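1. what would the 3D arrangement of this be:
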Amino acid sequence: ELSLQSAGWVEKEVVPVENVEGADQSVARSYHDLSGGDVRLSLWYFESQTQGKELVSPGTAKLHADAKRVRLNIREQQGIELNQRLIHDGSRVQMVLFWYDLNGRILANPKMVKLYTAYDAVAHGRTNGALVRVSADLPSDDQVGRNQAAEILEKFVEALYSRLDRHLPD
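-> Presented below is the predicted three-dimensional model:
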């Protein structure tokens with residue numbers, strides 16, 4: 001359960017539209033806040049990774065196409081680095097933020113995900129991890145619309161970030 005109601009976000013479970021091959025569990029939710037922000041959350045969890053069943057794979061590589069790194073300041077954190085990209089789907093444009101969570105480590109770089117997965121396998125005997133994706137539609141495909149979507153997503157990630165650790169191993 002990923003309730004964010006105490007942070008002002010009302011949730012609704014939705015059917016996942018994306019699939020990440022090999023994930024052991026997945027969650028898809030839509031959230032709405034009183035200021036009119038709508039956000040979609042998709043999360044895929046891998047209990048363990050093996051060859052052909054990996055967080056970073058050809059299937060997830062398309063997420064990284066045209067993505068850029070952004071830094072969000074979340075409460076006491078000095079900032080977390082996430083991936084951001086725009087997805088054009090007909091007349092609809094979405095801003096997407098996504099990252100990997102490896103036992104409490106927030107990573108944006110797929111090469112670092114591979115390195116830390118190998119390290120965790122050797123040092124701790126585990127290869128679990130999650131891919132987290134949040135998205136919002138742009139109200140307009142201009143800088144104002146991009147800024148509005150970025151603001152909504154940042155507000156949502158701040159609410160989500162402190163609650164994810166209750167659901168993902170660290």
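
2. ranges for the strands of the chain?
-> Assigned by DSSP state E, the strands in the chain fall at 9-13, 25-33, 38-46, 68-72, 80-89, 92-102, 105-107, 129-137.

3. residues in contact with the shortest one: which ones?
-> Contact with strand 105-107 is made by Ile80, Glu81, Leu82, Trp99, Tyr100, Asp101, Val113, Tyr116, as judged by CB atoms under 8 Å, 6 or more residues apart in numbering. Backbone N, C-alpha and C define where each C-beta goes, glycine included.

4. what does the fifth one give?
-> With contact meaning CB under 8 Å, 6+ apart, strand 80-89 is reached by 63-72, 74, 93-99, 106, 108, 135, 138, 146, 150, 157, 161.

5. strand partners (parallel or antiparallel) of it?
-> strand 68-72 (antiparallel), strand 92-102 (antiparallel) (DSSP bridges).

6. burial count for the closest residue to Ala121 other than its chain neighbours?
-> By the measure of CB to CB, 6 or more residues apart in numbering, the closest residue to Ala121 outside its immediate chain neighbours is Thr127, 4.9 Å from it. The local packing of Thr127 (other CB atoms under 10 Å) involves 19 other residues.

7. for ChimeraX, write the select line for the buried members of the contacts of strand 105-107.
-> Listed next is the ChimeraX selection for buried residues among these, using 16 or more other CB atoms under 10 Å:
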select :80,82,99,100,101,113,116
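
8. pick the one among the contacts of strand 105-107 closest to Asp38.
-> Nearest to Asp38 among the contacts of strand 105-107 is Leu82, at 19.1 Å by CB to CB.

9. one step back: can you put the strands of the chain in TSV and add distance to Gly59 and mean pLDDT?
-> Shown next, in TSV, are the strands of the chain (distance: least, CB to CB, whole Å; pLDDT from 0 to 100):
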stretch	distance to Gly59	mean pLDDT
strand 9-13	23	78
strand 25-33	13	88
strand 38-46	10	92
strand 68-72	21	93
strand 80-89	15	92
strand 92-102	13	94
strand 105-107	18	92
strand 129-137	10	94
